[in-house]
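Q: following is a predicted model, sequence given first.
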There are 2 protein chains.
Amino acid sequence: MTDIAAAITEIKALLGDRMNTSQSMCDLHGQNETHFDHMPPDGVAFPHNTQEVSDIVKICAKYECPIIPWGVGTSLEAHALPVRGGITLDMSDMKQIVEIQDQDLLAVVQPGITREELNTELRATGLFFPVDPGANATIGGMVATRASGTTAVRYGTMRENILALQLVMADGRIIRTGSRSKKSSAGYDLTHLFVGSEGTLGIITEITLRLQGQPEATAAAVCDFPTINDAVNAVIMAVQMGVPLARIELIDPVNIRAINAYSNMTYREIPHLFMEFHGSDVGVADQSESMKAIAKEHGGGDFQWSTRAEDRNKLWAARHNAYYAAKALFPGQLGLTTDICVPISKLATAIQETQKDLDENGVTAAIIGHVGDGNYHALMFSDPNKPEELARNKELAHRMVERGLALGGTCTGEHGIGMGKMKYMAAEHGTALSAMVDIKRAFDPQNIMNPGKTVPMN
Amino acid sequence: MTDIAAAITEIKALLGDRMNTSQSMCDLHGQNETHFDHMPPDGVAFPHNTQEVSDIVKICAKYECPIIPWGVGTSLEAHALPVRGGITLDMSDMKQIVEIQDQDLLAVVQPGITREELNTELRATGLFFPVDPGANATIGGMVATRASGTTAVRYGTMRENILALQLVMADGRIIRTGSRSKKSSAGYDLTHLFVGSEGTLGIITEITLRLQGQPEATAAAVCDFPTINDAVNAVIMAVQMGVPLARIELIDPVNIRAINAYSNMTYREIPHLFMEFHGSDVGVADQSESMKAIAKEHGGGDFQWSTRAEDRNKLWAARHNAYYAAKALFPGQLGLTTDICVPISKLATAIQETQKDLDENGVTAAIIGHVGDGNYHALMFSDPNKPEELARNKELAHRMVERGLALGGTCTGEHGIGMGKMKYMAAEHGTALSAMVDIKRAFDPQNIMNPGKTVPMN
């Protein structure tokens, strides 16, 4: 029998003021970045270490109280909203770097540290953590949602960059998965099972990450194209030829307009590719020449180079702010973003059909994409006073998913399932969904770990 | 109640002659490559397609009959021995290439195809499947054991090279995991859970693999070193500097002697690194220069280059036959091999202490290793008429595992758990083993899927 009040009382005895039930604190943790309704939890707990997380979970298990981990709330699919009430576990006090092992190119961190904080600390070591979803998300949140972003084309997603995890299971048991060795064949791959499990199977309390050496040389360039199709076809050729691009981002004319306004840039309002090359001096020159030839073959303009670090930072800050830039272009409107990822050979088809559908419905969307991975987003906006506009955008998003799945892709390349995409789990996974349900039931029989997310349990 | 005879009768009605219970066929499937006892199954079934696998599994579930998938039997840890009797599922009739999608750099294959057969078929496409464990294993077996080998340092293990799977679960349900898109955040990562599950969670019936483009340039070189420590330290520096070696293999003097005899080579009987470089012409030259400088710094001799494809093939054939070469050096003896993998910074320590332990016990072992991954093998031999020698070798192997775990490594980098390493699962995984048991129970409540392997269920 669920008794959230009793759980809060008992956790208060454990944490004191760090078990916070004030209206303002609950409101802060009931927000989301997109169109979902505000939904405050019953209380917010701030654990300081793994043992406290374990103790809290044991109390929650006793009272069947839902428990929802929280990083910094940058989810686009309402991962951290307490749909059945309960306690939000704010991990912001657990943000230590436990260890940096530069010889093994790894770091051990707590989940509450953000990727920018981590990379700032790493700067002196000559190493960096490459996964970059744009938002300054926490590493814990990035693990939980299997995040990726602009550099995944070269360095992989969170899936490829986590060596080991420490977790608290639904009964309070503390486990460690994986090891520090680069590979292992020792039993079931629990680490990958928890990466992307969105707080529904266990709570991440420590993460062992793979790091990369800072490349000897880095160069960034921008190139415009007559049409989106030309830009996408250039990317497809580059991927198929194996050019080891570090970043290759498509920005459509709407988002270029938004970026120009928001980040004070002066790009022509036509499709662009933003690119980055990493390697030795020789390697970067080699890659750049290959990419210039490919771009030219697809009608691309001249490359505008950013060789100085400060220019590159400005370029990528503009790209990272693309979501906020697009929101600023449609002030006061509700955003809805999609996250289709398809096999690279299907990318041009997927984007063309999406653009056609948007045009036919008179919707101006901003399309951007990590196109080297076959991943793109369409940001659509609606007047909060016109629910029919949100409904129309949801219909458009629905058709994008159907199209993506029909092309052999996924309903979400990097944002995750959360609440927003649960309805597509059956369509995407078919009978395999039953195996996911089996795992959820085995690990969390009371369904207290972020219930109502990821895997539909009915 | 287990009734294997009834299961066989019912499967015979389904498969006819393809349900084979002859002594010779059962004996063939009771063999193993190392020191485990001969252990024939009650019968061997040869399915032709996924539906037949599903039908067979349903019959086995009805009679609680163990079912053990079989590739070509190259396991070094007795993965395919029927410890509780039952039916071996020989996948050799399911070896089709279902599809090659060159634009998306992927292929869909049935599990019974071997990696050499696959690469022969791929040759005309300009693509190849990079994972190379030496033995001409089946792709299904390689998925099941999370195999890797000489090229993992550059291209990753089976873990990094499988996009999607089709499987038959313990109740006969057919599921598909993953998709063709390069990345996804859509729910639990079932694909990685089944990669390395050794037939204990489900039977793999179709595999979607990532392919690589044939590199523009390939060069192979051999370099000798005064001591193993020098060679290992050169590798550690190369890995830490990010030299993108395609292969970097350590061969100790004992194995050099074996290779010289077996493959008709004339290497000096001192430690060697066998290396391969892939990339553009410029890239390969760049990597080679870096590696030459590193080798020189660690006392390495001149590089002996194999630039012609036939010389490279001879070189790698010699390396691949190292296990058989070592066996030939100790004719009639029982082999026991270890498979430690440690963080790269601990590799020199691990190998030194291993060598010391071997020396102190007067055991001549052949040490080889995929040292770029921190992975090495010590092959030890014993007189089959002197069980005390096998016992001594097992003790040595045991101490190597303890040492590897203490250094943050794993008891198996690539061979898998099978029967041989089950006793180390608790030591390596601690409380996380209970989560593996939970998954096994949820997926296979009757414990009919390759019972007695991977996860101790008592």
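A: Nice, I can see it. Residues are numbered from 1 along each chain as shown, chains lettered A, B, ... in the order given.
Q: contacting residues for A:Gly30?
A: By C-beta atoms under 8 Å, 6 or more residues apart in numbering or on different chains, the contact set of A:Gly30 is A:38-41, A:81-82. Quick note: C-beta positions are derived from backbone N, CA and C, even for glycine.
Q: once you drop chain neighbours, what's closest to it?
A: Of all residues beyond its chain neighbours, the one nearest A:Gly30 is A:Pro40 (3.3 Å), with distances taken as C-beta to C-beta, 6 or more residues apart in numbering or on different chains.
Q: wait, that neighbour sits on A:Ser22?
A: No - using C-beta atoms under 8 Å, A:Pro40 is not in contact with A:Ser22, being 10.3 Å away.
Q: hang on, the earlier thing: residue contacts, the residue nearest to A:Gly30?
A: A:23, A:26-27, A:29-30, A:82.
Q: now do 6 Å
A: With contact set as C-beta atoms under 6 Å, 6 or more residues apart in numbering or on different chains, A:Pro40 has these partners: A:26-27, A:30.
Q: so does the helix or strand containing A:Gln166 get close to chain B?
A: Counting by DSSP states H and E, the element that carries A:Gln166 is strand A:162-168. No - contact of strand A:162-168 with chain B (C-beta under 6 Å from any C-beta of the partner chain) is absent, the minimum separation being 8.5 Å.
Q: which residue is nearest the middle of chain A?
A: Nearest to the geometric centre of chain A sits A:Ala147, at 3.4 Å (C-alpha atoms, centre = their mean).
Q: would you say A:Leu358 is within a helix?
A: Yes - A:Leu358: assigned to a helix according to DSSP: H, G, I helix; E, B strand; the rest coil.
Q: is it in contact with A:Ala366, as I believe?
A: No - with contact defined as C-beta atoms under 6 Å, A:Leu358 does not count as touching A:Ala366 (10.3 Å).
Q: sorry, back to before: ok, residues contacting the very next helix or strand once past the strand holding A:Gln166?
A: Where DSSP H and E defines the elements, the next helix or strand beyond strand A:162-168 is strand A:174-178. The set of residues external to strand A:174-178 that reach it, using C-beta under 6 Å, 6+ apart, is A:50, A:54, A:163-168, A:190-191, B:431-432, B:435.
Q: quick check: the residue nearest to the centre of chain A touching A:Gly156?
A: No - shown here, A:Ala147 and A:Gly156 do not form a contact pair, counting by C-beta under 6 Å, at 11.4 Å.
Q: find the nearest non-adjacent residue to A:Val222, please.
A: A:Gln304 (4.6 Å).
Q: how many residues are close by the one you found?
A: When counting by other C-beta atoms under 10 Å in any protein chain shown, one arrives at 14 neighbours for A:Gln304.
Q: got the buried residues for the helix ranked longest in chain A?
A: Determined from DSSP state H, the single longest helix within chain A is helix A:387-406. For helix A:387-406, burial by neighbour count (16 or more other C-beta atoms under 10 Å in any protein chain shown) applies to A:389-390, A:392-393, A:396-397, A:400-401, A:403-405.
Q: got those as CSV, with distance to chain B and pLDDT columns?
A: CSV is the format used below for those (distance: C-beta to the nearest C-beta, whole Å; pLDDT from 0 to 100):
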residue, distance to chain B, pLDDT
A:Glu389, 27, 96
A:Leu390, 23, 94
A:Arg392, 24, 97
A:Asn393, 21, 96
A:Leu396, 19, 97
A:Ala397, 15, 97
A:Met400, 14, 97
A:Val401, 10, 97
A:Arg403, 13, 97
A:Gly404, 8, 97
A:Leu405, 8, 97
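Q: pick out the most distant pair among these.
A: Across those, no pair lies farther apart than A:Glu389 and A:Leu405, at 25.0 Å, counting by C-beta to C-beta.
Q: helices along the stretch 351-458 of chain A, start to end?
A: A:387-406, A:425-429, A:432-443 (DSSP state H, counting those that start in this stretch).
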